[in-house]
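1. whatever this is, show me its structure:
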Amino acid sequence: GKGITFDTGGISIKPADGMHWMRTDMAGGAAVIAALVTIARLGLPIHVTGLVPIAENHVSGSSYRPGDVVRHYDGQTTEVSNTDAEGRMVLADALGYAVRNLKPDVIIDVATLTGSMKIALGTRIGGVFATEDSLASRIVSAGERRGEAWWRMPLLADLEEAVASEIADWQQCPPGPGSITAALFLRKFTGGVPWAHLDIAGPARSEKVVDEVVPGATGFATRTLVELVASYVTEE
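-> Numbers count the residues shown, from 1 in each chain. Just a heads-up that it's a prediction; the model follows:
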């Protein structure tokens, strides 16, 4: 879960309007922590590990810069083009760590990753990208049972080449539809493990009361994650 405690955008700084909402840019990480605590309290007999890469995206003398090449935990490299795309950078390290050290059967990442997802799906629906149809269906169904709406998005094969960089392994911000290319970037760090990426940029926060949601952070994805894990338990 993306744990950016505050996101100014860094050197590629965000506009002042609305920046205060970036206190909730750790919503993906919070959802993972909340789900992990709930799974433990319920005593679900399944091994689940939560990873929350935490950072503040700010401006300082040691900030990363557009044009930098960053080496990730698993050794792959990324050409930086926009420091405001920091979420995928920390998630890439967490994904690489999971693949190398945890030998997972399934990986789910959760993040307030892209503004374009909010434009595409609004503020009440999360986007699902998945490498397997069955995993995507399981997530959507888990959400339906617990009152969280998800919409599956495509991992378009014709955009795959756009992720490559001329000076590193991958481009941080490939050209094309931003949410899809961000997901394609993250997939490079999953090591072929069945994987789903949940982009919650829209529903992670609310400016007004809507049904059970109050203004502020919503906890979106927590209920889905718990129900998803429970669905594996009931199969056994």
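
2. could you use CA atoms for every contact and neighbour count after this?
-> Fine.

3. can you pull out the helices in the protein?
-> In the chain, the helices defined using DSSP state H lie at 27-42, 86-101, 115-121, 133-146, 178-187, 222-235.

4. contact partners of the first one?
-> Helix 27-42 has contacts (CA atoms under 8 Å, 6 or more residues apart in numbering) with 1-3, 48-53, 109-112, 200, 204, 217, 219-223, 225-226, 229.

5. can you do 7 Å?
-> Helix 27-42 is contacted from outside by 1-3, 50, 52, 110-112, 204, 219-222, 225-226, using CA atoms under 7 Å, 6 or more residues apart in numbering.

6. what mean pLDDT does that helix have?
-> What helix 27-42 shows for mean pLDDT is 98.

7. quick check: angle from that helix to helix 222-235?
-> Interaxial angle of helix 27-42 relative to helix 222-235 (axes from the mean of the first three to the mean of the last three CA atoms, to 10 degrees): 40 degrees.

8. buried stuff in helix 27-42?
-> 27-36, 38-39 (16 or more other CA atoms under 10 Å).

9. just the third one next, same as before
-> Neighbour-count burial for helix 115-121, with 16+ other CA under 10 Å as criterion, is recorded at 117-118, 121.

10. out of the buried residues of helix 27-42, who's nearest residue 7?
-> residue 27 (12.0 Å; CA to CA).

11. so who does residue 20 touch?
-> Per CA under 7 Å, 6+ apart, neighbours of residue 20: none.

12. how about a cut-off of 10 Å?
-> By CA atoms under 10 Å, 6 or more residues apart in numbering, the residues touching residue 20 are 6-8.

13. leaving out sequence neighbours, find the closest residue to the residue nearest to the spatial centre of the chain.
-> In the chain, the residue lying closest to the centroid (CA atoms, centre = their mean) is residue 111, at 2.8 Å. Closest residue to residue 111 apart from its sequence neighbours, by CA to CA, 6 or more residues apart in numbering: residue 28 at 4.4 Å.
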